[in-house]
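Participant: Pasting a predicted model and its sequence here:
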Amino acid sequence: MKAPEIELPDIEWLVFQATSQVPRGKVTTYGDIAKAMGDVSASRVVGSILARNPRPIEVPCHRVVYGTGEVGWYCGLGKGTDTKQRLLQEEGVPMSDGKVDLAKVGFSDFHIDPGLRNLRERQERLSHQVVERDRLGRLRKVAGLDVAYRGDQAFSAMAVLDIETGSVDIRLDRSQVKFPYIPSYLSFRELASLAPLVSSSSETLFLVDGQGVLHPRGLGIASHMGVVLDVPTIGAAKSLLVGDIDPADPGSIRYKGVERGRVVGEGRRKLYVSIGHRVSLDTAEEMVRRYCSDADQSPLILAHRAAERARREAGD
DNA sequence: GCGACAG
DNA sequence: ATCTTGTCGC
């Protein structure tokens, strides 16, 4: 299936644009730039983008510091704290104990596009289209999807298990990454790499490595994919994004006061399962129990291995 | 030091 | 997720 034409904000460009707006003699924080983009949870990605800033003159990343006032690193993790402090002092930024006074020299009056706020609104709008009841055809195949990365190359894989014959078909794709990993925005990074692998069919159930509705806006990658491609999906993640294990029932995950997920498996093999689209929670749990218990037959694990293998072989 | 948020 | 050495646990 063709990848949906998703307009994505250029996060790297927004970060460079915001950083360039910090005037001489002032500083801002990684969190303030993230807030200007629409979500403070992008703070870490702001740091990782500025750590690779190729133009330290045009993009004055020395004016971006920690929220504590500590100046942090300059042009790369673990590098150049002394250079950063010297540059700021030369610009007239007062410092004591290696810290700046953000109340005095803090700047946060950015004029950039709040790209992440727009994406959040899209998630909220699409979340209303999620169908949380069983709307499957006669189930013939169960597919697992996963992505591996090498630099800005994405290697996506889909393992399709034929329920009747037990045979497994592997499909691969390779694409350019156009969006960073930001918690709760995973689908904007990975969906474009997964969609080309998917053929629309209500006879195939898709298991996605990530959350379904167990998500702050009810639209993890499994639900996002299900709604956009109109296919039945289940979210099966190796760790929790939101929600808590029910103290009264360790197999149940609650979020905002309601059951939104189930725990399947034990130890390292544990999966946090939630509705993706067109599947009930009971069915989601049952399907993961049925098709993911055997590691050598699990479509998710086979897809993971296939993507990882493609990534490794591309490295030569 | 604490808290920690899929991949 | 990826990078990456030595270390911890089954």
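Facilitator: Done, it's in. Keep in mind it's a predicted model, so treat the numbers as computed, not measured.
Participant: how about the residue lying closest to residue A:58 once chain neighbours are set aside, what does it touch?
Facilitator: Excluding the flanking residues, the one nearest residue A:58 by CB to CB, 6 or more residues apart in numbering is residue A:20, at 6.6 Å. C-beta: built from backbone N, CA, C; applies to glycine. Applying CB atoms under 8 Å, 6 or more residues apart in numbering to residue A:20 gives the contacts A:58-60.
Participant: among those residues, which ones are buried?
Facilitator: Buried by 16 or more other CB atoms under 10 Å: A:59-60, out of those.
Participant: May I see the contacts of residue A:20 organised as JSON lines, with secondary structure and distance to residue A:158 added?
Facilitator: Shown next, in JSON lines, are those (DSSP: H, G, I helix; E, B strand; the rest coil; distance: CB to CB, whole Å):
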{"residue": "A:58", "secondary structure": "coil", "distance to residue A:158": "42"}
{"residue": "A:59", "secondary structure": "coil", "distance to residue A:158": "39"}
{"residue": "A:60", "secondary structure": "coil", "distance to residue A:158": "44"}
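Participant: Domains in chain A, by residue range?
Facilitator: What automatic domain parsing lists as the domains of chain A is A:11-113, A:124-314.
Participant: Next, report how far the last one is displaced from the centre of its chain.
Facilitator: In this view, domain A:124-314 has its centroid 13 Å away from the chain centroid, taken as CA atoms, centre = their mean, to the nearest Å.
Participant: tell me how far the ends of that domain are from each other?
Facilitator: Separation of the first and last residues of domain A:124-314 by CA to CA, to the nearest Å is 37 Å.
Participant: does that domain come close to DNA strand B?
Facilitator: Yes: using CB under 7 Å from any atom of the strand, domain A:124-314 comes into contact with DNA strand B via A:146-147, A:181, A:183-187, A:209-211, A:215, A:220-222, A:235, A:237-242.
Participant: any idea of the mean pLDDT in that domain?
Facilitator: Averaged across domain A:124-314, pLDDT comes to 94.
Participant: and it, anywhere near DNA strand C?
Facilitator: Yes: judged by CB under 7 Å from any atom of the strand, domain A:124-314 comes into contact with DNA strand C at A:148-150, A:181, A:209, A:238, A:308, A:311.
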